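Chemist: structure of the sequence below:
(chains A and B)
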Protein chains: 2
Amino acid sequence: MRVAILAHGKFPGRAKTAVGLLRYGDHEVVAVLDRERAGDRVRDHLDGVQDAPVVAGMADAPDCDALVVGIAPIGGGFEESWRPDVRTALQRGCDVIAGLHYFLAEDEEFARLAEEYGCELRDVRRPPDDLTVAEGTAGAVDARVVCTVGTDCSVGKMTASFELRDAARERGLDAAVVPTGQTGIMLAGWGIAVDRVVSDFAAGAVERMVREEGDRDLLVVEGQGALAHPAYSAVTLAILHGAQPDALALCHEAGREAVHGYESFSVPPVEAYARLYEDVAAPVSECAVEAGILNTSGLAGEDAAREAVDAYAESLGVSATDPVRFDADVVLDGLLDSE
Amino acid sequence: MRVAILAHGKFPGRAKTAVGLLRYGDHEVVAVLDRERAGDRVRDHLDGVQDAPVVAGMADAPDCDALVVGIAPIGGGFEESWRPDVRTALQRGCDVIAGLHYFLAEDEEFARLAEEYGCELRDVRRPPDDLTVAEGTAGAVDARVVCTVGTDCSVGKMTASFELRDAARERGLDAAVVPTGQTGIMLAGWGIAVDRVVSDFAAGAVERMVREEGDRDLLVVEGQGALAHPAYSAVTLAILHGAQPDALALCHEAGREAVHGYESFSVPPVEAYARLYEDVAAPVSECAVEAGILNTSGLAGEDAAREAVDAYAESLGVSATDPVRFDADVVLDGLLDSE
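Modeler: Alright, predicted model coming up:
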């Protein structure tokens, strides 16, 4: 599938979905839409991902099969400034794929255009309509279940999940990511956006996914938010208790001291944060932080990154890595066998 | 308003909403519907509440203005065995008030009957449609904010909330409950059922309610679920972080050792449970368990109850009471001034 990715004003630093698709997706990206960087190329901003031109709008994008909305404002609303691009995509016969709380299929104009031009509006954040409460049974699956948990939003949990999966597959294991957010769902082609699920059923949604894939060797459950986050902690805890993991991988961004977007709140020290996750998990499923995942993308130079990873490992008392800059394999042993 | 309350097979022990309305509601209850106890009276089962006949179905109920669905199965579905009672109520011109996840207004037959007979279908669990993520600002209100948190579901958080409110009002304080569940909403006439809110917005819903009522002296935020509950912990944490409380009242049922309905999970010891709530709350709002609320309804005799309350107070290191059997006022000082 050939796709264009909408990322106005946010590419690449605040365009998690766009960057995830460029790095891990199977789709050919024909263009990134960012009117503030039109004329650049992806390669000017990111290493180790597929290249594509950055264009000002859908009218300038090459032929493709779908437009993917690759950013999400806080609250998950639809920004009206994106409307011309979605309209143009539909008029060109492209499907539109989005992970917003606002469902494109319920937008009158888009629904009408999609019908007129024979395209599909795919809202990947729309949960199944038969979810219910958790039964507390995810722990019974055969698979080793690892959760990527974080000290904040946007520290690299989704990336870590796919990197850990790939490292496990390289060892010959049958490994899968359990996608809990819009980008992971777009990458894996299945999953439930837990933040869009009615809170009573959020743990149940995770439990259902873990049980469905429970015959594999390894499941890496993609975490969301953070346990001490003033807005998103409920989603985090639903995943932790719903998945009943055997081990945790604590994801952190080097140097992050305040909660992103909520700067009056400090991020607790990583050692204390690890204990908090373990203490809250324990009554439902005993597990420990068995790996540290550090996002060093903000550090210049390999030496500084290596030093930060080593310090992070020492703080946590477990192996640590930056799976993008270095290698995910070095933390797999700890996650696969913590007994 | 004169109401009948549907509680088939669950009255009184598993009919939280029904009992709450009988104990704290302003409505005149003309009948309780429980086909397994038809012919009894409320007074045969409960002390200190208004009396009413227990009848087999709506056809046997005296004239009234509304039928309230006073029970909710796990998952919040509608039981088809209740359909004849709802149908009869509508045909008699009664409104029907429910707090289920299943919205009566979306049931084709009920919607048609309601229109035909000029009645209203009120689904109190339906959240406002303009909710969004929390901003982390509930802590800025003038009111003292107390959360009733629990060691399990159905241990008495809703009851404790209203008892604490009433005790504060007796001292002349401007106090209100912030209702977060269907019964509390029915009793207080406002509120948001947080368990029905999209998980991303659950903390935001609580924050909005606290801010709206923030000019009072005291807000008692009704807790839901429990922090170590395998299914409902997300709702619990959304309330804890969304409300940013100044103090916590830990609610427990004497003798409860396993999670109700999830008996393979133990309820952690109350001292450890108190620390867990404090540790998880701290990064968002520093607060401590400043009162113990013990439900002693399962204990025979005042001596046993007094002994259990004293032991609970000692375990927690704070004042404790059973606000139904004894008095809520004795724990107010600790909650109002923990500095």
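
Chemist: all contacts plus neighbour counts: C-alpha atoms, from now on.
Modeler: Fine.

Chemist: does A:Val29 count as helix, strand or coil?
Modeler: strand (DSSP: H, G, I helix; E, B strand; the rest coil).

Chemist: which residues touch it?
Modeler: When the contact criterion is Cα atoms under 8 Å, 6 or more residues apart in numbering or on different chains, the partners of A:Val29 are A:Arg2, A:Val3, A:Ala4, A:Ile5, A:Leu22, A:Gln50, A:Asp51, A:Ala52.

Chemist: quick one: secondary structure of the residue nearest to it when sequence neighbours are not counted?
Modeler: For A:Val29, ignoring the flanking residues on the chain, the nearest one in space by Cα to Cα, 6 or more residues apart in numbering or on different chains is A:Val3 at 5.0 Å. Using three-state DSSP, the structure places A:Val3 in strand.

Chemist: where does the residue lying farthest from the centre of chain A land on pLDDT?
Modeler: Taking Cα atoms, centre = their mean as the measure, the residue most remote from the mean C-alpha position of chain A is A:Glu116, 33.1 Å away. Model confidence at A:Glu116, given as pLDDT, is 97.

Chemist: next, work out how far apart the spatially most central residue of chain A and A:Leu187 are.
Modeler: Compute the mean C-alpha point of chain A, and by Cα atoms, centre = their mean the closest residue is A:Met158, 3.4 Å away. When distance is defined by Cα to Cα, to the nearest Å, A:Met158 is 10 Å away from A:Leu187.

Chemist: distance of the residue nearest to A:Asp322 when sequence neighbours are not counted relative to chain B?
Modeler: Beyond its immediate neighbours in the sequence, the residue positioned closest to A:Asp322 (Cα to Cα, 6+ apart) is A:Leu294, lying 4.9 Å away. A:Leu294 sits at a distance of 21 Å from chain B (criterion: Cα to the nearest Cα, to the nearest Å).

Chemist: secondary structure element for A:Leu294?
Modeler: strand A:288-295 (DSSP states H and E).

Chemist: so what touches the helix or strand in which A:Cys147 is found?
Modeler: Applying DSSP H and E as the criterion places A:Cys147 in strand A:144-150. When contacts are defined by Cα under 8 Å, 6+ apart, strand A:144-150 is touched by residues A:156-158, A:160-161, A:217-227, A:236, A:240, A:243-252, A:335-336.

Chemist: go on, stretch A:276-285?
Modeler: The contact list for stretch A:276-285, computed with Cα under 8 Å, 6+ apart, reads A:136, A:139, A:227, A:240-241, A:244-246, A:286-289, B:227-230, B:265-268, B:276, B:279-280.

Chemist: how about the contacts of A:Val29 in a markdown table, adding neighbour count, distance to B:Ala311 and pLDDT?
Modeler: Compiled in a markdown table, the contacts of A:Val29 are given as follows (neighbours: other Cα atoms under 10 Å in any protein chain shown; distance: Cα to Cα, whole Å; pLDDT from 0 to 100):
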| residue | neighbour count | distance to B:Ala311 | pLDDT |
| --- | --- | --- | --- |
| A:Arg2 | 16 | 67 | 95 |
| A:Val3 | 24 | 65 | 96 |
| A:Ala4 | 32 | 65 | 97 |
| A:Ile5 | 30 | 62 | 97 |
| A:Leu22 | 23 | 60 | 93 |
| A:Gln50 | 18 | 65 | 93 |
| A:Asp51 | 20 | 67 | 95 |
| A:Ala52 | 18 | 68 | 96 |
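
Chemist: which bits of the stretch 201-339 of chain A sit near chain B?
Modeler: Contact residues (Cα under 8 Å from any Cα of the partner chain) of the stretch 201-339 of chain A with chain B: A:201-204, A:227-238, A:241-242, A:262, A:265-268, A:276, A:279-281, A:283-284.

Chemist: domain-wise, how is chain A divided?
Modeler: Split into domains by automatic domain parsing, chain A comes to A:2-123, A:138-336.

Chemist: check contacts around A:Trp173.
Modeler: One thing to correct before we go on: residue A:173 is Leu, not Trp. Under the criterion of Cα under 8 Å, 6+ apart, the contact partners of A:Leu173 comprise A:Asp217, A:Leu218.

Chemist: repeat the analysis, applying 7 Å as the threshold.
Modeler: Going by Cα atoms under 7 Å, 6 or more residues apart in numbering or on different chains, A:Leu173 touches A:Asp217.

Chemist: and the closest residue to A:Cys119 other than its chain neighbours, how many neighbours does it have?
Modeler: Nearest-residue entry for A:Cys119: A:Asp95, 5.0 Å, with adjacent residues in sequence omitted and distances by Cα to Cα, 6+ apart. A:Asp95: 22 surrounding residues under other Cα atoms under 10 Å in any protein chain shown.

Chemist: repeat that for A:Gly13.
Modeler: Taking other Cα under 10 Å as the definition, A:Gly13 ends up with a neighbour count of 12.

Chemist: now it: how far from A:Gly20?
Modeler: Per Cα to Cα, A:Gly13 is found 11 Å from A:Gly20.

Chemist: one step back: isn't the residue nearest to A:Cys119 right next to A:Gly118, touching?
Modeler: No - counting by Cα atoms under 7 Å, A:Gly118 is not a contact partner of A:Asp95; they are 8.6 Å apart.

Chemist: can you name the residue of the stretch 1-150 of chain A nearest chain B?
Modeler: Distances between the stretch 1-150 of chain A and chain B by Cα to the nearest Cα are smallest at A:Ala134, namely 4.8 Å.

Chemist: that residue belongs to a strand, doesn't it?
Modeler: No - under three-state DSSP, A:Ala134 sits outside any strand and is assigned coil.

Chemist: can you count the residues close to the closest residue to it other than its chain neighbours?
Modeler: Beyond its immediate neighbours in the sequence, the residue positioned closest to A:Ala134 (Cα to Cα, 6+ apart) is A:Gly204, lying 3.6 Å away. The local packing of A:Gly204 (other Cα under 10 Å) involves 29 other residues.

Chemist: could you say which helix or strand contains A:Gly204?
Modeler: Taking DSSP H and E as the definition, A:Gly204 sits inside helix A:202-212.

Chemist: what segments of the stretch 101-250 of chain A are strands?
Modeler: Ranges of strands in the stretch 101-250 of chain A, per DSSP state E, counting those that start in this stretch, are A:121-123, A:144-150, A:175-178, A:218-222, A:247-253.

Chemist: flag every residue of the stretch 51-200 of chain A that's near chain B.
Modeler: Within the stretch 51-200 of chain A, the positions near chain B by Cα under 7 Å from any Cα of the partner chain are A:Gly75, A:Thr132, A:Val133, A:Ala134, A:Glu135, A:Gly136, A:Asp195, A:Arg196, A:Val197, A:Val198, A:Ser199, A:Asp200.
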